[in-house]
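Asks: fold the following and give me the result.
(2 chains)
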Amino acid sequence: MPGSMSADRTAGTPAGMSAGALLTVEDLRVSFPGKGWRAPRVEVLKGVSLDVRPGETLGLVGESGSGKTTIGRAILGLVPVHSGAITFAGERIDRATGRRRRELSRDIQVVFQDPYTSLNPSLTIGDTLSEPLLGQGYGAREARARVARLLERVELPADAAHRLPREFSGGQRQRVAIARALAIDPRLIVCDEPVSALDLTTQKTVLDLLLEIQEQTGVSYLFVSHDLSVIRFMSHRVAVIRHGEIVELGEAAEVTAGPRHPYTRALLLSAPVADVNGQRERREAFEREFRAREAGTGMGETVS
Amino acid sequence: MSERTGTVRRLLRHPLGLVSAVVLAAIVLAVLLAPVLSPQDPNASSLRDAFGGPSAGHPLGFDSAGRDILTRLLYGGRNTLGGAVIALAVALLLGVPSGLLAGYYGGWFDSAANWVVNLVMALPAMVVLLASRAILGSTVWVLMVVLGFLVAPAFFRLVRGIVASVRNELYVDAAKVSGLRDPRIVARHVLLVVRAPIIIQVALVSGIAIGLQAGLEFLGVGSGDTPTWGAMLNEAFKNIQRAPSLMLWPGLALGLTSGALVLLAAALRDALEDRGTAPAGRRSRRRARTAAPAAPAAPAAPAAPRSADAGTPRTGTPRSADGTSPEAGERAELLSVRDLAVSYVLPGGGTREVVHGVDLDVRAGEIVGLVGESGSGKTQTAFSILGILPEGGRVCRGSVTVGGEEIVGMPERRHRALRGDVVAYVPQEPMSNLDPAFTVGSQLVEPMRHKLRISRAEAVRRALDLLDQVEIADPRRVFGSYPHEISGGMAQRVLIAGAMSCDPRLLVADEPTTALDVVVQAEVLGLLRRLQKERGLGVLLVTHNLGVVADLCDRVAVMREGRIVETGTAEQVLHAPRHPYTQKLLGAVLDGVPARGPWQPSNAEVV
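Replies: Numbers count the residues shown, from 1 in each chain, chains lettered A, B, ... in the order given. Okay, the predicted model is just below:
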């Protein structure tokens, strides 16, 4: 059964909970009110445990509705935690006060999925980038100088500060979002599908930038994506989430090359590769493994 | 800052905006300068002059009590406009902050405020004003405060609605994560968005306030002594038999002010919401007609060599024989595109070409991938083949034949017959392409009854059969479901079933699996492959995913900036790409990249 198997893996391998983690999430549960009067609450996360070490990338992969984005939002304090613990640098933050939350923004930052809605269309890039600086009490002049350095860091032209988001492409906007996350030297950045709205070539350059930043600054990433190949490229360790539960967690090479859980195998084998023969093999393997017992595992989609 | 001045300039460029702004400004200025323009006491009366005509120093003459009309008009304007300002100020003070709070935080305050607002809106304004006059006394100012209270819900609802939608924007979340306090977030992100609608609403509400106030005073519900436009109307009405012209001036002042306010509100809306631009082109029917003369004039033969070198330079050697081979000049029977160019009408006039001479062939039983990044023109190409280019776009050059028939310049009626019968379309967003108000079954049955002219029972039978063919486990249940009751993958199967319903020979699929999860994508790709094999369909598959190409396509055309830069079999293009752009695309694919190594504590900072 999936449940027991994942428990074995997380508990048994050295890739599980580790000492000296920067961020630890234990048995996290998040639920939202159901639709309609007195409807039962919908449980989105059903006891998720994971950790991220300093300078590490933990990839979080899953399909839409699996709850992967909610984990990130719970860590950022954007959704209320029902039960469980989130510990950052030794401090419980799942019930942090508003004041403490604002202080935490120094350490925990975010890059959202959609570069078109994550930047306010009527603020200039400079205004957007100085936002976190002002929040931390920087002076206007200091902020301006820092914005210039940030733009240079993410390889955007210096005059970008005076322009509006609509003048930039998706990839450039995502660079702005990355610059905003970097503005106050955070220790952890939650990357919520940062490249899924980008073109293939742009995606690669943005991922390279993120890797480079990590090497230079030692920042940790919680990297959320639906794309296993992006996750493999970015992550030291990978957690696979399905229906609000982590079904497999381990070293990237292990999880993405020899997955143990059937769901991870299905994810891996169903992602098409840009190689005609390789894809034929993959497709046949997928059909061999999942088509035959579709009814049994419920891997295929059924009417909800 | 610059945006703000831009708005003002846009407003003043609007003829109605300019006129109404000038009229309003003149009225306000005149009223403010009343003591300068007419240095008399508005209540000074000399019965000798009652109903006197214009004379020196009294250009508008005298009223029934022998008071100077111009002076009363100017001072009355002060009271009338001042009253409106008070009503507005009260309404804004009550409505905007409460709307901000309710919209931003929701919760119990939102519920309570909504109750109060509904209650206030249910009160008949006139009755409340009359009652409050009886209780609170008859000064204009008190009545205006009450009026402000009564119109505050309009601002509350407006602000609350907008704020509630802005609250969910990612940039507000980003601001929260940036450590900004709520008041700061509201000031930076929220107020900016509600500003424009509030300004428009202010113009409208002040018109209403002036009208209501004048109405009350006309009825005699006001303070008799203070001159206002409404009170002047009231007095004039009493003497309408004797001096009908007395109605003219206050009536004109009221009419001009209210009219200018309403027109200004309309112009403001255009300026702030940037709607003033002329619509770009008309709907498809006219577009097809305008394209018609261009089409026959573009012969296919000379077009082919031009477009062959239209792309970025390729190194010498001609394309291998099994490519699309436009060089061969031979056109595929099922779908053949030659030198297709698509242009769009720009809002400011002029046109912009987005597809510059595309050649493409799809034969029966063949799946051709059209690959490119966003903005490459791949979807525009597919839309021109279907004849469903969005407003403002048209085929400006080239030839598209489907089943041997030229469709560029084809009358819309014939083209419509062709769609569904010969060509079918599978869109990218399955959910937004199903009508939420109808069951899946009726959305399959109705087109079939119309297109194939078959009975309802026959159409239902065929629809169930189609749902079964697209590998839906329980066709009857899905048939009776509404779109919101099925998943995205299921919806895409339904749309594929719909596309198959009239037995087309060519399927145009625009990113059919992009919105789906990978496991579902694999199943839908399998379904497309099976249908294509069983029915000998030709498929044009528009996609950005090279993995999907490898999975499904026989041949591939790579598009970039409106041109096809490389074509060939899937193997050729994916395994031995020739064009640098294709090489760059494949270089960005992460499939073969090794997994990142284990984390090493050495290169990390110690907590």
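
Asks: which stretches of the stretch 201-304 of chain A form strands?
Replies: Secondary structure of the stretch 201-304 of chain A, counting by DSSP state E, counting those that start in this stretch: strands at A:220-225, A:237-242, A:245-251.

Asks: what's the closest of those strands to chain B?
Replies: The closest approach between chain B and any of the strands of the stretch 201-304 of chain A, judged by CB to the nearest CB, belongs to strand A:245-251 at 5.5 Å. Bear in mind the C-beta positions are built from the backbone N, C-alpha and C, glycine included.

Asks: how far off centre is the closest one?
Replies: In this view, strand A:245-251 has its centroid 14 Å away from the chain centroid, taken as CA atoms, centre = their mean, to the nearest Å.

Asks: packing partners for the helix ranked longest in chain B?
Replies: Identified as the longest helix of chain B according to DSSP state H is helix B:69-105. Other helices and strands packing on helix B:69-105, by 3 or more CB pairs under 8 Å, 6 or more residues apart in numbering or on different chains; DSSP states H and E, are helix B:15-32, helix B:34-37, helix B:107-122, helix B:140-166, helix B:191-218, helix B:229-238, helix B:248-273.

Asks: and if we set it to 6 Å?
Replies: Helices and strands touching helix B:69-105, as assessed by 3 or more CB pairs under 6 Å, 6 or more residues apart in numbering or on different chains; DSSP states H and E, comprise helix B:15-32, helix B:34-37, helix B:107-122, helix B:140-166, helix B:191-218, helix B:229-238.

Asks: and these, which one averages the lowest pLDDT?
Replies: Looking over the helices and strands packed on helix B:69-105, mean pLDDT reaches its minimum on helix B:34-37, with a mean of 80.

Asks: returning to that earlier point: which one of the helices and strands packed on helix B:69-105 lies nearest to residue A:252?
Replies: Comparison of those against residue A:252 by CB to CB identifies helix B:140-166 as nearest, at 38.5 Å.

Asks: OK, now which residue of the stretch 51-200 of chain B is nearest to chain A?
Replies: Among the residues of the stretch 51-200 of chain B, residue B:179 lies nearest to chain A; the distance is 3.2 Å by CB to the nearest CB.

Asks: about what we covered before: quick one: the longest helix of chain B to helix B:229-238, angle?
Replies: 130 degrees (axes from the mean of the first three to the mean of the last three CA atoms, to 10 degrees).

Asks: in the stretch 201-304 of chain A, where is pLDDT below threshold?
Replies: For the stretch 201-304 of chain A, applying pLDDT under 70 flags the ranges A:291-304.

Asks: repeat that with 80
Replies: In the predicted model, the stretch 201-304 of chain A carries pLDDT under 80 at residues A:290-304.

Asks: ok, back up a step: now the helices and strands packed on helix B:69-105 in JSON lines, with mean neighbour count?
Replies: Listed next are the helices and strands packed on helix B:69-105 as JSON lines, based on neighbours: other CB atoms under 10 Å in any protein chain shown:
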{"stretch": "helix B:15-32", "mean neighbour count": "16"}
{"stretch": "helix B:34-37", "mean neighbour count": "14"}
{"stretch": "helix B:107-122", "mean neighbour count": "13"}
{"stretch": "helix B:140-166", "mean neighbour count": "22"}
{"stretch": "helix B:191-218", "mean neighbour count": "21"}
{"stretch": "helix B:229-238", "mean neighbour count": "21"}
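
Asks: let me have those in JSON lines, extended by distance to chain A.
Replies: Converted to JSON lines, the helices and strands packed on helix B:69-105 look like this (distance: least, CB to the nearest CB, whole Å):
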{"stretch": "helix B:15-32", "distance to chain A": "21"}
{"stretch": "helix B:34-37", "distance to chain A": "40"}
{"stretch": "helix B:107-122", "distance to chain A": "12"}
{"stretch": "helix B:140-166", "distance to chain A": "10"}
{"stretch": "helix B:191-218", "distance to chain A": "5"}
{"stretch": "helix B:229-238", "distance to chain A": "39"}
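
Asks: relative to residue B:456, which of the ones you listed is closest?
Replies: Proximity to residue B:456 (CB to CB) singles out helix B:140-166 among the helices and strands packed on helix B:69-105, at 41.9 Å.

Asks: now do that closest one against helix B:229-238, angle only.
Replies: Using the same axes, to 10 degrees, helix B:140-166 lies at 130 degrees relative to helix B:229-238.

Asks: could you list every helix and strand that helix B:140-166 packs against?
Replies: helix B:69-105, helix B:107-122, helix B:125-136, helix B:191-218.

Asks: run the chain-centre distance for the shortest one.
Replies: Computed by CA atoms, centre = their mean, the chain-centroid distance of helix B:125-136 equals 43 Å.

Asks: for the stretch 201-304 of chain A, which segments count as helices?
Replies: A:228-234, A:252-257, A:262-270, A:276-286, A:294-297 (DSSP state H, counting those that start in this stretch).

Asks: residue B:427: which of these is closest?
Replies: Comparison of the helices of the stretch 201-304 of chain A against residue B:427 by CB to CB identifies helix A:262-270 as nearest, at 21.8 Å.

Asks: of all the strands of the stretch 201-304 of chain A, which lies closest to residue B:436?
Replies: The closest approach between residue B:436 and any of the strands of the stretch 201-304 of chain A, judged by CB to CB, belongs to strand A:237-242 at 28.1 Å.

Asks: pull the CA atoms of that closest one into CSV?
Replies: In CSV, the C-alpha atoms belonging to strand A:237-242 read as follows (Å, rounded to 0.1, in the frame of the first residue of the first chain):
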residue,chain,number,x,y,z
ARG,A,237,16.3,15.7,-3.0
VAL,A,238,12.8,15.2,-4.3
ALA,A,239,9.5,14.7,-2.6
VAL,A,240,6.6,13.3,-4.6
ILE,A,241,3.2,14.5,-3.4
ARG,A,242,-0.2,13.0,-4.2
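
Asks: quick one on the thing from earlier: would you turn the helices and strands packed on helix B:69-105 into a markdown table with distance to residue B:256?
Replies: Shown next, in a markdown table, are these (distance: least, CB to CB, whole Å):
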| stretch | distance to residue B:256 |
| --- | --- |
| helix B:15-32 | 6 |
| helix B:34-37 | 17 |
| helix B:107-122 | 30 |
| helix B:140-166 | 20 |
| helix B:191-218 | 11 |
| helix B:229-238 | 11 |
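
Asks: ranges for the helices of the stretch 1-150 of chain A?
Replies: All helices of the stretch 1-150 of chain A, identified by DSSP H, counting those that start in this stretch, fall at A:2-12, A:68-75, A:98-104, A:125-135, A:140-153.

Asks: what angle separates the second one from strand A:245-251?
Replies: Per the same axes, to 10 degrees, the angle that helix A:68-75 makes with strand A:245-251 is 80 degrees.

Asks: and helix A:68-75, average pLDDT?
Replies: 93.

Asks: how is the chain carved up into domains?
Replies: No chain was given, so I picked chain A. Domain assignment for chain A by automatic domain parsing gives A:1-107+A:187-256, A:119-185, A:261-297.

Asks: hmm, no, I was thinking of chain B.
Replies: Domain assignment for chain B, taken from automatic domain parsing, gives B:70-259, B:284-422+B:504-587, B:435-501.
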